[in-house]
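**Student:** Dropping the sequence and predicted coords here.
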Amino acid sequence: MTTELAAGRDPSVPTPTRRLDVETLRKDFPLLGRTVHGRPIVYLDSSASALQPRQVLAAMDQYYETTHANVHRGVYVTAEEATARYESARVAVGRFIGAPDPEREIVFTKNATEALNLVARSWGAANLAAGDVVVVTEMEHHSNLVPWLMLAAERGIELRYLEVDAEGRLDLSDLDRVLDRAKAVAVSAMSNVLGTINPLAAISKAAHEAGAVVIADGAQAVPHLPVDVSELGVDFIAFSAHKLMGPTGIGAMWGRSSILETMPPFLGGGGMILDVRLDRFLPAETPHRFEAGTPPIAEAVGFAAAVEYLNGIGMDRIRQHEHELTSYALRAIEERLGDDCRVFGPPFGPDRGGVLSLAYRDVHAHDLAQVLDQFGVCVRPGHHCAKPLMRRLGVTATARASLALYNDEHDVDTLIEGLIEAGRLFG
Amino acid sequence: MTNLEDLYREIILDHYRSPRNRGELDSPPAHRVEGFNPLCGDEVVVTLLVDDGQVKDIKFAGSGCSISQSSASLMSSAVKGKSVDEARQLIRTFKSMMSIHEASLDPDGSDGAGSDGDGADAGAGGDLLDVRKIGELAALQGVVKFPVRIKCATLSWNALAQGLDEAAAGS
């Protein structure tokens, strides 16, 4: 097995010295102990939401059992501790993506979607007027597209699209023309449908030369790749905790502090102000300016525990594992299913993440997913909140299997077993 | 695999593999209605020709899963040639069948009519028992055990209901 995988390894992907011990790691995830329809669960839907290790659950329990109070308010011991936990979570999350100034640059939000809306609303309100150009891509999740469509409808900004080529990569051949007069580029770091890892460093460089800021959707990339915002060169990146093994209900937006400081508040309320009078208010400094109301405190604690868990394993090792498993899956699908199964997205390589959007014979994605459920296999059928991309691919829906650190070759084999059964049933 | 066989009954697979009344009627004179399932992106186009209080002809097009496609095929077969009143009654009965699930989950054991968005159509409890009268359509009963798939099954029926309303308003 190792030899076969080594043959498919791309030299540009660094090889960490220690491989993941997946069998041991799996024991950290209580939900993987479940059976469904009498079979062990095979969780292949981490792109939608990842599972939580018990370390994350324990951290949140411990916080509620020993510390909980509202933050930035009380002077009693637990209130001070809760504030310290919340603010140290901000730093941990920021360091995870290489934020130079995490205390001021990480804004906690509800999820990546809210983070992207925050940028569109706040940065957009201060910087975009009718006729201004925002560049978006055809492969964006609706969360990095609809907020810009809303601004287009309200303010008359012009949206220009980077297209997706036949292999599922962004067509950057005409980038300079597309960037002409652009004020912003909204682009996914990794496609949630195709697994394409976009060349953000190159896009950022070109965008900055054209005078545009870069707003990255990191929802898929941050949980699965080593991400350093300085290396990527982006100005904003949004991501969700629950996709990186933290809790639901919290996400983060990193923004370059020099830009954040110029942005108006997003939501109004408690916590985001310095002073309020009957006829005006003075907003707080960043990041609190963007965090109105009681924040998700326990979730921030869980978020920090999740990045600590991933750091403990090492993002380079996680990437290597998922890279090798993607190689195995693509080969196994080709060998065992041949032309019956189409996998969308780029061929195996360094710009290929562990997201496998499948079409199998003529069986509809909903039917595939229903049959796979009988095998305990959890995949996501549908348009994956990327309808323009689905139209480009010429399909209404795909069945998406996505890989994470706790998946192994057996999971892929069970997926293939289920696909064959679906083919038999609907053949 | 008992569960799956509840869902994918032979009649359903037959209508999926060999759909009846597939295509589009010329519109006008036919009424054309598009339905979307936002969950999966499935689309259905129902064209129907209503004349003299009767569904003279009906066709469906679009793409979708086995449940949405077979339900559209079964729907078209069931209402073609029927009076508009009979078609509306079938819609009510079918919608009731699709909400039996909710009633069976009701801890008080009441019939649960009106417990979901389609409740207004569920109407009298009598409709719930008319399943025996609807022939092949009863094959779709298993869908209620898979709540996410109910929207697949009702997609074309909602389009039909809208088409009948529009036909009535237009005539």
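**Tutor:** Looks like it arrived, so ask away.

**Student:** Chain B against chain A: which residues are in contact?
**Tutor:** Within chain B, the positions near chain A by Cβ under 8 Å from any Cβ of the partner chain are B:1, B:3-4, B:7-8, B:13, B:16, B:39-43, B:63-67, B:69, B:146, B:149, B:152. Using the backbone N, CA and C atoms, a C-beta is placed for each residue, glycine as well.

**Student:** Are any of the residues you listed buried, and if so which?
**Tutor:** Among the residues of chain B next to chain A, those buried by neighbour count (16 or more other Cβ atoms under 10 Å in any protein chain shown) are B:4, B:7-8, B:16, B:40-43, B:64-67, B:69, B:146, B:149, B:152.

**Student:** Mind picking the two most distant members of the residues you listed?
**Tutor:** For these, with distances taken as Cβ to Cβ, the pair at the greatest spread is B:Leu4 and B:Glu43 (25.4 Å).

**Student:** And the helices in chain B?
**Tutor:** B:2-7, B:10-17, B:66-79, B:84-105, B:119-122, B:150-170 (DSSP state H).

**Student:** worst average pLDDT in those?
**Tutor:** For those, mean pLDDT drops lowest on helix B:119-122, to a mean of 40.

**Student:** The residue with the largest distance to the centre of chain A and chain B, how far apart?
**Tutor:** Of all residues in chain A, A:Leu278 has its C-alpha farthest from the mean position, at 40.9 Å, by Cα atoms, centre = their mean. With distances taken as Cβ to the nearest Cβ, to the nearest Å, A:Leu278 is found 44 Å from chain B.

**Student:** Quick one: mean pLDDT over stretch A:350-370.
**Tutor:** What stretch A:350-370 shows for mean pLDDT is 94.

**Student:** can you pull the pLDDT of the closest residue to B:Arg32 other than its chain neighbours?
**Tutor:** With sequence-adjacent residues excluded and distances taken as Cβ to Cβ, 6 or more residues apart in numbering or on different chains, B:Arg32 is closest to B:Thr47, at 4.9 Å. Per-residue pLDDT puts B:Thr47 at 93.

**Student:** In the stretch 251-400 of chain A, mark out all the strands, start to finish.
**Tutor:** Counting by DSSP state E, counting those that start in this stretch, the stretch 251-400 of chain A has strands at residues A:251-255, A:273-276, A:281-283, A:341-344, A:355-360, A:377-378, A:380-382, A:398-402.

**Student:** Touching the first one from outside, list them.
**Tutor:** Applying Cβ atoms under 8 Å, 6 or more residues apart in numbering or on different chains, the set of residues contacting strand A:251-255 from outside is A:93-94, A:97, A:99, A:105-116, A:118-119, A:229, A:235-241, A:263, A:286, A:290, A:303.

**Student:** A:Asp367 contacts B:Ser68, doesn't it?
**Tutor:** No - with contact defined as Cβ atoms under 8 Å, A:Asp367 and B:Ser68 do not form a contacting pair (10.1 Å).

**Student:** Show residues contacting the helix or strand where A:Arg160 lies.
**Tutor:** Element membership of A:Arg160 [criterion: DSSP states H and E] is strand A:158-162. With contact meaning Cβ under 8 Å, 6+ apart, strand A:158-162 is reached by A:131-138, A:148-149, A:152, A:170-172, A:175, A:178, A:182, A:187.

**Student:** So which elements touch the helix or strand just after that strand?
**Tutor:** Next in sequence after strand A:158-162, counting helices and strands by DSSP H and E, comes helix A:175-179. Under the contact criterion of 3 or more Cβ pairs under 8 Å, 6 or more residues apart in numbering or on different chains; DSSP states H and E, helix A:175-179 touches strand A:158-162, helix A:200-209.

**Student:** quick check: angle from the shortest one to helix A:200-209?
**Tutor:** Angle between the axes of strand A:158-162 and helix A:200-209 is 150 degrees (criterion: axes from the mean of the first three to the mean of the last three Cα atoms, to 10 degrees).

**Student:** Just the buried ones from the contacts of strand A:158-162, in PyMOL syntax?
**Tutor:** Buried residues within the contacts of strand A:158-162, by 16+ other Cβ under 10 Å, are selected in PyMOL with:
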select buried, chain A and resi 132+133+134+135+136+137+138+148+152+170+172+175+178+182+187
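
**Student:** Which residues are in contact with the residue nearest to B:Arg32?
**Tutor:** B:Glu24, B:Leu25, B:Ser27, B:Ala30, B:His31, B:Arg32, B:Val33, B:Ile58, B:Lys59, B:Phe60, B:Ala61, B:Gly163.

**Student:** One more pass at 7 Å, please.
**Tutor:** Taking Cβ atoms under 7 Å, 6 or more residues apart in numbering or on different chains, we find B:Thr47 in contact with B:Glu24, B:Leu25, B:Ser27, B:Ala30, B:His31, B:Arg32, B:Lys59.

**Student:** go on, B:Val33?
**Tutor:** Applying Cβ under 7 Å, 6+ apart to B:Val33 gives the contacts B:Val46, B:Ala159, B:Gln162, B:Gly163.

**Student:** correct me, but the first one touches B:Asn158?
**Tutor:** This points to B:Val46. No - judged on Cβ atoms under 7 Å, B:Val46 makes no contact with B:Asn158 at a distance of 9.2 Å.

**Student:** Quick check, the residue in the stretch 101-250 of chain A closest to chain B?
**Tutor:** Closest to chain B within the stretch 101-250 of chain A is A:His142: 10.9 Å, counting by Cβ to the nearest Cβ.

**Student:** Against A:Ala186, how distant is that residue?
**Tutor:** Note on A:His142: its distance to A:Ala186, by Cβ to Cβ, to the nearest Å, is 12 Å.

**Student:** what stretches of chain A score poorly on pLDDT?
**Tutor:** For chain A, residues meeting the criterion pLDDT under 70 lie at A:1-17.

**Student:** which parts of it sit against chain B?
**Tutor:** A:37, A:364, A:366-367, A:370-371, A:374, A:381-383, A:387, A:390, A:396-397, A:425-426 (Cβ under 7 Å from any Cβ of the partner chain).

**Student:** Which members of those residues are classed as buried?
**Tutor:** With burial judged by 16+ other Cβ under 10 Å, the buried subset of the residues of chain A next to chain B is A:364, A:366-367, A:370-371, A:374, A:381-383, A:390, A:396-397, A:425-426.

**Student:** just checking, what packs against the lengthiest helix in chain A?
**Tutor:** In chain A, assigned by DSSP H, the helix with the most residues is helix A:315-337. Identification of packing neighbours for helix A:315-337 by 3 or more Cβ pairs under 7 Å, 6 or more residues apart in numbering or on different chains; DSSP states H and E yields helix A:2-8, helix A:221-224, strand A:341-344, helix A:409-426.

**Student:** deepest of those, which one?
**Tutor:** Ranked by mean neighbour count, the helices and strands packed on helix A:315-337 are led by helix A:221-224 with a mean of 28 (mean count of other Cβ atoms under 10 Å in any protein chain shown).

**Student:** Okay, domains of chain A per the record?
**Tutor:** Following automatic domain parsing, one finds the domains of chain A at A:2-33+A:314-426, A:56-312.

**Student:** can you list those domains in TSV and add distance to B:Ser77?
**Tutor:** Rendered in TSV, the data for the domains of chain A read as follows (distance: least, Cβ to Cβ, whole Å):
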stretch	distance to B:Ser77
domain A:2-33+A:314-426	21
domain A:56-312	36
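
**Student:** between these, which gets nearest to B:Asp52?
**Tutor:** Distance to B:Asp52, taken as Cβ to Cβ, is lowest for domain A:2-33+A:314-426 among the domains of chain A, at 36.6 Å.

**Student:** Cool, thanks, talk later.
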